[in-house]
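Novice: next input, structure requested:
(one chain, ligands or ions: 1)
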Amino acid sequence: MDGTPFRYWDHQLFCDDADLTDIAGAAGTPAYVYSRQGIVKRFEAYDLALAGIEHRVCYAVKANSNLSILRVLAEAGAGFDIVSGGELFRVIRAGGDPARVVFAGVGKTRDEIEYALESGIHGFNCESEAEIALIDALAGRLGKKASISVRVNPDVDAATHPYISTGLRDHKFGIDIEQVEGVYQRAATLPNLKVEGVACHIGSQLLDPAPLQEASGKLLALALRLRTGGVPIRYLDLGGGWGVPYRFDDPRADLASHLGAIRAMVEGQGFTLFFEPGRSIVAECGVLLSRVLYRKTTPRKEFIVLDAAMNDLIRPALYDAHHEILPLRQPARGTIRADIVGPVCETGDFLALDREIPELFPGDLVAVMTAGAYGSVMASNYNSRPRPAEILVEGKTWRTVRARETFTDLVRGE
Ligand SMILES: *Cc1c(COP(=O)(O)O)cnc(C)c1O
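Specialist: Sure thing, here's the model as predicted:
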């Protein structure tokens, strides 16, 4: 957990200067806990590495869309990358500046496009010609000029989990780089558009900078060709996707040197660089706190049953993701090997399989680490389980930034 806001202090696990055992006692479990300072620090790392070149860091809201986290990032100067009208609503609610919002996604609806135009967002990252035509028509009706970029599919293998790889020719995302120049030429003739950017996003949890740099090189070459062809490209949006070490012994790739390489590639050519990081801003700044309910032994296996389940954190079930699990009180005990599971009625309901872990007993508290991204946002009410509370730590104080759901919340609207 080096380089994260979490560490043991006198055998107790802390988030910054707040004792997680105190938080679990007061707020109950399961609960997500985030470090404000950690989030700001990670955002600033992007900003710092790009200082001196025109840039905008647009936090990808889908990674964690809690209003308080959006507010923290808005105050730090972030823009936002959204994929729905609901995310735009959240950004505005949190005090984010719509003029710093880019709107991505393959299936933007008419209502969402109108809402975005009326809100005055920076621009749309478009994924099909039909979408470009619709944006042009709606902008015309509203008397606006819409800034667009085309999301290019650069046909680069991001070498990550197939569900979060997005930049290969067979994926639904973007427009094929071989076909995109014609799309730009046609879009440039539409009256209500400013065609001024190229964009890509090749996948998530990328631990090797090489595919990102390959895609960036292809995008830059495309932007220069388009300029020569008379399309005045000003914006290069290189997407998000930077990975984090989910295993504590995984190496940490150097973000600053990666950004430095990209910067060297594009510097002095009059582009404003956009990045859309999500996971790398919030993943390591959050944990899911949970309490051990039971231990159970079958003839073949040992199980530790937690009060957190796949409905709270689906990444292990969905992506085979690894999350380290730490006891809040550092034990003097030995280790056992067990499956760490939740109460949901699915065999896929596990947080860790066949994991060596310090011996735990009912009542013990644990933290599921690196859960700040794609955790709470993917939580559901499956098995009619209220979604967890969310807590934001600032120094040694903390506050609830989303109340634990109640049974009444579960049936609202039915
Ligand atoms: C999900 C997404 C991101 C953020 O990806 P991370 O891996 O969380 O950095 C950025 N841009 C687009 C278009 C996305 O869909």
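Novice: quick one: the helices in the stretch 1-150 of the chain, in order.
Specialist: Applying DSSP state H, counting those that start in this stretch to the stretch 1-150 of the chain gives helices spanning 20-27, 36-49, 67-76, 85-93, 110-119, 129-142.
Novice: with distance to the ligand, mean neighbour count and mean pLDDT added, can I get those in JSON lines?
Specialist: Every C-beta, even on glycine, is put in place using the N, C-alpha and C of the backbone. JSON lines is the format used below for the helices of the stretch 1-150 of the chain (distance: least, Cβ to the nearest ligand atom, whole Å; neighbours: other Cβ atoms under 10 Å; pLDDT from 0 to 100):
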{"stretch": "helix 20-27", "distance to the ligand": "25", "mean neighbour count": "18", "mean pLDDT": "98"}
{"stretch": "helix 36-49", "distance to the ligand": "11", "mean neighbour count": "19", "mean pLDDT": "97"}
{"stretch": "helix 67-76", "distance to the ligand": "13", "mean neighbour count": "20", "mean pLDDT": "98"}
{"stretch": "helix 85-93", "distance to the ligand": "11", "mean neighbour count": "18", "mean pLDDT": "98"}
{"stretch": "helix 110-119", "distance to the ligand": "15", "mean neighbour count": "17", "mean pLDDT": "98"}
{"stretch": "helix 129-142", "distance to the ligand": "14", "mean neighbour count": "17", "mean pLDDT": "98"}
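Novice: want to throw those into a markdown table with distance to Val401?
Specialist: Formatted as a markdown table, the helices of the stretch 1-150 of the chain follow (distance: least, Cβ to Cβ, whole Å):
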| stretch | distance to Val401 |
| --- | --- |
| helix 20-27 | 11 |
| helix 36-49 | 10 |
| helix 67-76 | 4 |
| helix 85-93 | 13 |
| helix 110-119 | 24 |
| helix 129-142 | 34 |
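Novice: pick out the least confidently modelled helix or strand of this protein, by mean pLDDT.
Specialist: Ranked by mean pLDDT, DSSP states H and E, the weakest helix or strand in the chain is strand 175-176, scoring a mean of 92.
Novice: now find how far off-centre the next helix or strand after that strand is within its chain.
Specialist: Counting by DSSP states H and E, the next helix or strand C-terminal to strand 175-176 is helix 180-187. Chain-centre distance of helix 180-187: 30 Å, with Cα atoms, centre = their mean, to the nearest Å.
Novice: with just CA atoms, put helix 180-187 into PDB.
Specialist: Only the C-alpha atoms of helix 180-187 are listed here, as PDB (Å, rounded to 0.1, in the frame of the first residue of the first chain):
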ATOM      1  CA  VAL A 180     -12.200   8.500 -40.200                       C
ATOM      2  CA  GLU A 181     -10.800  11.100 -42.600                       C
ATOM      3  CA  GLY A 182     -13.800  10.900 -44.800                       C
ATOM      4  CA  VAL A 183     -16.000  11.300 -41.700                       C
ATOM      5  CA  TYR A 184     -14.100  14.500 -40.800                       C
ATOM      6  CA  GLN A 185     -14.400  15.900 -44.300                       C
ATOM      7  CA  ARG A 186     -18.200  15.400 -44.300                       C
ATOM      8  CA  ALA A 187     -18.600  16.700 -40.700                       C
END
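Novice: list the buried ones in that helix?
Specialist: Across helix 180-187, burial judged by 16 or more other Cβ atoms under 10 Å covers 180-181, 183-184, 187.
Novice: so which bits of this protein are right by the ligand?
Specialist: Contact residues (Cβ under 6 Å from any ligand atom) of the chain with the ligand: 60, 62-63, 81, 83, 104, 201, 204, 239-242, 276-280, 373.
Novice: quick one on the thing from earlier: how about a markdown table for the buried residues of helix 180-187, with pLDDT added?
Specialist: What follows is the buried residues of helix 180-187, written out as a markdown table (pLDDT from 0 to 100):
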| residue | pLDDT |
| --- | --- |
| Val180 | 96 |
| Glu181 | 96 |
| Val183 | 97 |
| Tyr184 | 97 |
| Ala187 | 98 |
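Novice: just curious, which of the residues you listed is nearest to the ligand?
Specialist: Nearest to the ligand among the buried residues of helix 180-187 is Val180, at 16.2 Å by Cβ to the nearest ligand atom.
Novice: quick one: the closest one and Ala223 touch, right?
Specialist: No - between Val180 and Ala223 there is no contact under Cβ atoms under 8 Å: 10.9 Å.
Novice: right, so of the helices of the stretch 1-150 of the chain, which gets closest to Thr400?
Specialist: Taking Cβ to Cβ, helix 20-27 is the member of these nearest to Thr400, at 6.3 Å.
Novice: which residue ranges of the stretch 301-414 of the chain form strands?
Specialist: In the stretch 301-414 of the chain, the segments counted as strands under DSSP state E, counting those that start in this stretch are 302-306, 325-327, 335-341, 350-358, 365-368, 389-394, 397-402.
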